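Asks: the following comprises the amino acid sequence and a computationally predicted model.
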Amino acid sequence: RHRKRSMAEYEPTVQTLLDQKSLRWIFVGGKGGVGKTTSSSSLAILLARVRRSVLVISTDPAHNLSDAFDQKLTKTPTLINGFDNLYAMEIDPSFEAAEGDVLGMGAQSSGLLSSLSTSIPGIDEAISFGELLRQVHSLEYDCIVFDTAPTGHTLRLLSFPTLMEKALSKLVTMKAQFGGMFAAMQGMMGASMGSDEDMFSRLESMKQLIEEVNVQFKDPEKTTFVCVCIAEFLSLYETERLVQELAKQGMDTRVIIVNQLVQLLSPARRRELAEQHGISEEAVKTVCLAQIDSRMQMQKKYLDQIAELYEDFHVVKMPLLEHEVRGVTALGEYGKRLLDPHHFEV
């Protein structure tokens, strides 16, 4: 599945992503609720320290990126407070195209897009992704981090060039069948006679851009996919399915982040809780053990499976935290843990 390297090379951190300066695209994915947005935001902060400019994009309709950075984000890149080279944006791929004028053709493109999306499911998403790539491409960020939707839509990106090919063929057919009607409609709407040619060329150039980027997506020097999971059956099952699918599509993946691992409280934290509640440290220890022992046992079972399945991956183990990770400072602290496998006290 992957080229074999010595075990020493698979350190349990994300350092490999910071060291590889040729990386341009980093996808962060996994099922919902496993900490993808926290991981991608923290990773983007770490990258901003070593790269010229970084853009983190959320393609998850839930839009948790604004919450993570504690800053209002929109569908255009916004500079993150406290940085001069880290930007973030939130887009909704399934609705972006519905807003209409992605092909610069006004109402005409809107109508055609809805006809195309009826006959070619997913084409609206492909076109809006093409539009996003066009924007991002022209801005020339050094590294782009995708906080992806949990639906597996990331893998659909790889089928977009084929969809665009279908869309172009369909347009040619529609033009041949309804050429006269196209011209009459354009005349009625005051559009220029050559504007459908315009649309063809825009779709064609978008298809070329998507193809060009797809070649980069399959190049391990340029692109990698970070899988985020928790130590539970469904999440592990989903991760294995994702890893297999990525391997089949020829996309590099070498880092797995396992979030929300419970662990025993540090002596300092036990003391703090004992003072807070007016009980002995021993009592705190007993209560905590009763609460978390069975969960630790369950997680250990899945961690053992992860170790066996992904011996040639960088598996980064992250503790369950007492507070949600929100704001640049908290994300920075979380990032320290991504780099330090021993930094593992709640």
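Replies: All right, it came through fine. What you see is a predicted model; the values in this text were computed from it and never measured.

Asks: quick one, strands of the stretch 1-150 of the chain?
Replies: For the stretch 1-150 of the chain, the strands defined by DSSP state E, counting those that start in this stretch cover 25-29, 54-58, 78-79, 86-90, 143-147.

Asks: nearest residue to residue 160 other than its sequence neighbours?
Replies: Nearest residue to residue 160 in three dimensions, chain neighbours excluded: residue 126, at 4.1 Å (CB to CB, 6 or more residues apart in numbering). (Each C-beta comes from the backbone N, C-alpha and C, glycine too.)

Asks: how about residue 31?
Replies: Per CB to CB, 6+ apart, closest to residue 31 is residue 238, 4.6 Å.

Asks: quick one, helices of the chain?
Replies: 15-19, 36-50, 65-69, 93-96, 106-119, 123-139, 153-156, 160-189, 195-217, 233-249, 267-277, 281-309, 328-339 (DSSP state H).

Asks: what's the closest of those helices to residue 82?
Replies: Nearest to residue 82 among the helices of the chain is helix 328-339 (5.5 Å), distances taken as CB to CB.

Asks: hang on, the earlier thing: worst mean pLDDT among the helices of the chain?
Replies: Lowest mean pLDDT within these: helix 93-96, a mean of 52.

Asks: coming back round to it: how about the helices of the chain in TSV, adding mean neighbour count?
Replies: Formatted as TSV, the helices of the chain follow (neighbours: other CB atoms under 10 Å):
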stretch	mean neighbour count
helix 15-19	16
helix 36-50	25
helix 65-69	21
helix 93-96	17
helix 106-119	16
helix 123-139	20
helix 153-156	18
helix 160-189	15
helix 195-217	17
helix 233-249	16
helix 267-277	13
helix 281-309	14
helix 328-339	18
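
Asks: just put the ones you listed in a markdown table and tack on distance to residue 223.
Replies: Listed next are the helices of the chain as a markdown table, based on distance: least, CB to CB, whole Å:
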| stretch | distance to residue 223 |
| --- | --- |
| helix 15-19 | 11 |
| helix 36-50 | 14 |
| helix 65-69 | 20 |
| helix 93-96 | 18 |
| helix 106-119 | 27 |
| helix 123-139 | 13 |
| helix 153-156 | 11 |
| helix 160-189 | 15 |
| helix 195-217 | 5 |
| helix 233-249 | 10 |
| helix 267-277 | 40 |
| helix 281-309 | 22 |
| helix 328-339 | 19 |
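
Asks: nearest to residue 147, out of these?
Replies: helix 36-50 (4.0 Å).

Asks: so the closest one versus strand 86-90, what angle?
Replies: Going by axes from the mean of the first three to the mean of the last three CA atoms, to 10 degrees, helix 36-50 is angled at 150 degrees with respect to strand 86-90.

Asks: what angle sits between helix 36-50 and strand 25-29?
Replies: 160 degrees.

Asks: ok so, going back, between the helices of the chain, which gets nearest to residue 225?
Replies: helix 233-249 (5.4 Å).

Asks: for that closest one, what is the distance to the chain centroid?
Replies: 15 Å (CA atoms, centre = their mean, to the nearest Å).

Asks: hmm, back to that, quick one: contacts for the residue nearest to residue 160?
Replies: 160, 163-164, 167, 210 (CB atoms under 8 Å, 6 or more residues apart in numbering).
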